[in-house]
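Enquirer: Got a sequence here, can you model it:
(one chain, ligands or ions: 2)
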Amino acid sequence: MTKLSANDRVASYDPELRAIRHDLHRHPELAFEETRTSETVARELARLGYQVTRDIAGTGLVGTLRQGTGRRAIGLRADMDALPVSEATGLSYQSQAPGKMHACGHDGHTTTLLGAARYLAETRQFDGTVHLIFQPAEENIGGAQRMIEEGLFKRFPCDAVFAFHNWPGLPAGQVAIRPGTIMAAVDMAKAVISGPGGHGAIPHETVDPVVAGAAVVTALQTIVSRNIDPVEAAVVTVGAFNAGIACNIIPERAVLEISVRSCSAKVRRQLAERVPVIIKGVAEAHGCAAKVDYEFGYPATVNTLEEAAFARAVASDLKGPHPVIDLLAPTMISEDFAYMLEAVPGCYFMLGNGVGRHGKMLHSPDYDFNDELLVIGAALWGRMVERFLPIA
Ligand SMILES: [Zn+2]
Ligand SMILES: [Zn+2]
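Expert: Ligands and ions are numbered 1, 2, ... in the order given. As a prediction, this is how the structure comes out:
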């Protein structure tokens with residue numbers, strides 16, 4: 001029997017992985033509704049000899065493979081949910097579910113991890129425990145957080161966790177990575193500024209929530225410029241300002257909707273303190289009352305230094321088609337793998353999806369996951385496990 005090299009072995013999975021990915025792509029399921037997808041993953045993992053634990057955060061599941069006597073454990077995570085987007089790719093395997101589409105490539109992430117699952121089960125060149133984490137509901141509603149609340153890392157302790165996102169516009173297979181923060185936290189504030197209302201010709205006998213709101217918008221910008229350390233990243237965007245119905249009526253209220261982004265816990269706390277203080281203080285100075293609802297969204301995605309260096313080294317040694325890129329700054333968008341990185345050391349990175357037709361933006365109706373990534377990603381995961389859990 002000829003012994004295949006790792007890369008040749010994974011490359012031989014290509015037709016099978018494409019078939020799995022295209023099947024998932026035909027049947028996209030929205031957040032927390034990934035029952036068919038979960039079933040497919042569970043069946044595949046069981047066939048490969050994994051111990052499968054289901055029903056974590058509803059459709060979430062973990063496949064566990066142990067080898068040797070090593071006590072260390074690694075977690076690799078893929079997301080499974082699709083989006084409420086109507087597909088317009090015209091691909092032979094395009095979505096058969098009206099209004100739903102794998103427009104973020106989570107079908108590709110899931111299949112890549114199944115490719116790694118097969119490689120690890122067939123070769124078993126590691127010493128320790130591998131937990132393959134398939135999570136529901138990455139888009140907006142925090143499936144990762146719910147898995148953790150349901151005991152993910154207590155039931156499946158991991159010394160480190162890793163995940164990637166395909167990245168349109170980056171050459172296919174190129175890894176882009178960054179120690180520390182790679183994506184931002186996003187929080188939301190809603191402010192209702194109110195007064196008694198009145199006639200547009202008699203402003204001195206009432207108070208004006210529009211003028212107060214306008215002052216609030218301007219004053220909020222002083223948080224980033226005057227309160228936050230200038231070398232830190234923060235964004236305060238008043239994305240909606242609604243008030244009034246006619247030019248000669250002073251309305252009773254102005255409603256502001258604000259998104260607040262940051263890259264560190266310290267700045268996030270500062271923003272959460274300062275935003276309500278400014279809104280209430282400025283409104284009060286104008287004689288208005290203000291009510292502020294402040295809601296925390298996803299935290300920042302922060303890679304631990306050692307694990308980022310480790311992931312970078314593995315990706316570099318694999319000698320893919322393009323050298324690893326070191327990102328100089330985080331992106332200010334967000335990702336719920338952040339919750340896993342709050343619980344366990346680890347690293348999140350981008351894997352280039354390619355350019356041209358594979359450069360179409362995530363979440364767009366013509367987005368197209370690049371099938372070349374299935375074997376590239378599976379080989380990367382396989383190598384990462386072998387290096388993280390070396391045989392003594
Ligand atoms: Zn997405
Ligand atoms: Zn995504």
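Enquirer: Could you give the number of residues near R9?
Expert: The tally of other residues near R9 (other CB atoms under 10 Å) stands at 18. Quick note: C-beta positions are derived from backbone N, CA and C, even for glycine.
Enquirer: pretty sure it contacts A121?
Expert: No: R9 lies out of contact with A121 (CB atoms under 8 Å); the separation is 11.7 Å.
Enquirer: Which of the residues in stretch 242-256 are classified as buried?
Expert: By 16 or more other CB atoms under 10 Å, the buried positions in stretch 242-256 come out as 243-244, 250-256.
Enquirer: same check, this time on stretch 358-372
Expert: 358-360, 362, 364, 367-372.
Enquirer: Distance of the closest residue to A379 other than its chain neighbours relative to A343?
Expert: Spatial nearest neighbour of A379, excluding adjacent residues (CB to CB, 6 or more residues apart in numbering): V10 at 4.4 Å. Per CB to CB, to the nearest Å, V10 is found 30 Å from A343.
Enquirer: More neighbours: those two, which one.
Expert: When V10 and A343 are compared for neighbours, V10 comes out ahead with 27 against 16, by other CB under 10 Å.
Enquirer: host element of that one?
Expert: Per DSSP states H and E: V10 is located in helix 6-11.
Enquirer: From the chain's centre, how far out is that helix? Work that out for me.
Expert: The chain centroid and the centroid of helix 6-11 are separated by 29 Å under CA atoms, centre = their mean, to the nearest Å.
Enquirer: what's the answer for stretch 102-116, then?
Expert: 14 Å.
Enquirer: sorry, back to before: isn't the residue nearest to A379 up against L120?
Expert: No: using CB under 8 Å, V10 is not in contact with L120; the gap is 10.6 Å.
Enquirer: list the residues that contact both of these two?
Expert: Shared contacts of V10 and L120 (CB atoms under 8 Å, 6 or more residues apart in numbering): G382.
Enquirer: which residues touch E122?
Expert: By CB under 8 Å, 6+ apart, the contact list for E122 reads R9.
Enquirer: Could you look up the SS state of it?
Expert: Here E122 is recorded as helix under DSSP: H, G, I helix; E, B strand; the rest coil.
Enquirer: Check G75 too.
Expert: strand.
Enquirer: For it, give the beta-bridge partners.
Expert: Judged by DSSP bridges, the bridge partners of G75 are H131, V161.
Enquirer: can you count the residues close to it?
Expert: Around G75 there are 24 residues (other CB under 10 Å).
Enquirer: Beyond the lowest-mean-pLDDT helix or strand in the chain, next helix or strand please.
Expert: Between all helices and strands in the chain, the lowest mean by mean pLDDT, DSSP states H and E belongs to helix 6-11, at a mean of 86. Following helix 6-11 in sequence order, the next helix or strand is helix 14-26 (DSSP H and E).
Enquirer: pLDDT on the longest helix belonging to the chain, on average?
Expert: Criterion DSSP state H: the longest helix present in the chain is helix 265-285. Throughout helix 265-285, pLDDT has a mean value of 97.
Enquirer: List the contacts of that helix.
Expert: Counting by CB under 8 Å, 6+ apart, 185, 187, 189, 191, 193, 209, 212-213, 215-216, 219-220, 222-223, 227-229, 232-234, 236, 256, 258, 260, 262, 289-290, 292, 294, 296, 299-300 sit against helix 265-285.
Enquirer: of the residues you listed, buried ones?
Expert: Taking 16+ other CB under 10 Å as the criterion, what is buried in those is 185, 187, 189, 191, 193, 209, 212-213, 215-216, 219-220, 223, 228, 233-234, 236, 256, 258, 260, 262, 290, 292, 294, 299-300.
Enquirer: Would you mind giving the secondary structure of W167?
Expert: W167 - assigned by three-state DSSP - is strand.
Enquirer: what's near enough to touch it?
Expert: Taking CB under 8 Å, 6+ apart, we find W167 in contact with 176, 350-353.
Enquirer: same deal with T59?
Expert: Per CB under 8 Å, 6+ apart, neighbours of T59: 32-35, 37-38, 80, 136.
Enquirer: and if you look at E138?
Expert: Applying CB under 8 Å, 6+ apart, the residues contacting E138 are 31, 79, 81, 104, 106, 144, 335-337.
Enquirer: now swap in L120 and tell me
Expert: Listed by CB under 8 Å, 6+ apart, the contact set of L120 reads 65, 126, 130, 382, 385.
Enquirer: export those to JSON lines and tack on neighbour count?
Expert: Shown next, in JSON lines, are these (neighbours: other CB atoms under 10 Å):
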{"residue": "L65", "neighbour count": "20"}
{"residue": "F126", "neighbour count": "24"}
{"residue": "V130", "neighbour count": "25"}
{"residue": "G382", "neighbour count": "27"}
{"residue": "V385", "neighbour count": "26"}
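Enquirer: Widest-spaced pair of these?
Expert: Greatest spatial distance among the contacts of L120 (CB to CB): L65 and G382, at 11.8 Å.
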